[in-house]
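1. predicted model follows, preceded by the sequence.
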Amino acid sequence: MLQGFTPLLYHLYEKKLLSEVKKDRLPYHVGLILDGNRRYAREKKLENLSEGYKKGADKLDEVLCWCEELNIKMLTIWVLSTENLFRETEQLTQLLQVIENKILSIAQSPWTHRKQVRVRAVGKMELLPESTRQAIAYAEEVTRNYRSFFLNIAVGYGGRQEIVDAIKKLLKAHLVQDESLETIINSLTPDEISKYLYTYDLPDPDLIIRTSGEIRLSGFLLWQSAYSEFYFCDVNWPAFRKIDFLRAIRSYQQRQRRFGI
């Protein structure tokens, strides 16, 4: 709750923000770095860190509804980095279980099918346990024909690794055609490399939001975020409020996007 705000004032402030935001241009694609689950669990003195992950997973349901209300069509969330895979075994197991449960919950939710939400994972899938890959495959299959809203889940994802993998795929594709090294070098362009990214067929994010007060991308969509707008929010992810989301959108609207021109 905002300091000094009563529930009524909070509601009125949120309503005012929503009204203002709806009058201006809205991002098509929003990226979200969901940071601060463990800090939230410690601050709230929850029984264990996994409770923080669960609170964070629940928060996603609210954010999806906020996106629908604003007619934002694409959301990419970062739930697990390649570095996270090196956490201690018990903590990683708990996190992966929460991720699997959430992916399955989304895939089985009547809301998902009523709103025609397409779910897709981006990342280095081979690094993930079989149970996680199965949950992803199920969610992707049951939503593959939907086109009203797109939820991309970055899991086992690292921006540097994505670029390395893209270069490897590009080189293999050219070598199969028996091209010389000089020919390959001369063909290299940003557009050519983009074809081999995990997100090759997705538009770049217009706005990237990170929670928990950290002011860095930590490798999230490094290639794709060249011209994205950024918004860093102090609250931990499970405590992320609608007004925080609306403030991020308002900040985006107040900027003049030049795309390097």
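-> Sure, I can see it. Numbering: from 1, shown residues only.

2. just the helices in the stretch 1-150 of the chain please.
-> Under the criterion DSSP state H, counting those that start in this stretch, the stretch 1-150 of the chain carries helices at the ranges 7-22, 37-43, 49-70, 89-108, 110-114, 130-143.

3. now the fourth one: how far from the chain's centre is it?
-> Here helix 89-108 is found 16 Å from its chain centre; the criterion is CA atoms, centre = their mean, to the nearest Å.

4. got it, and stretch 169-181?
-> 32 Å.

5. same check, this time on stretch 113-124
-> The answer for stretch 113-124 is 12 Å, by CA atoms, centre = their mean.

6. show me what counts as buried in it.
-> Val117, Arg118, Val119, Arg120, Ala121, Val122, Gly123, Lys124 (16 or more other CB atoms under 10 Å). Every residue, glycine included, has its C-beta placed from N, CA and C.

7. okay, the helices of the stretch 1-150 of the chain in a markdown table with distance to Gly159 and mean pLDDT next?
-> As requested, the helices of the stretch 1-150 of the chain are exported to a markdown table (distance: least, CB to CB, whole Å; pLDDT from 0 to 100):
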| stretch | distance to Gly159 | mean pLDDT |
| --- | --- | --- |
| helix 7-22 | 29 | 93 |
| helix 37-43 | 20 | 95 |
| helix 49-70 | 21 | 96 |
| helix 89-108 | 19 | 96 |
| helix 110-114 | 28 | 98 |
| helix 130-143 | 19 | 98 |
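
8. could those helices go into TSV alongside distance to Phe220?
-> Listed next are those as TSV, based on distance: least, CB to CB, whole Å:
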stretch	distance to Phe220
helix 7-22	24
helix 37-43	16
helix 49-70	16
helix 89-108	16
helix 110-114	24
helix 130-143	19
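
9. these: which one's closest to Leu171?
-> Closest to Leu171 of the helices of the stretch 1-150 of the chain, according to CB to CB: helix 130-143, at 25.8 Å.
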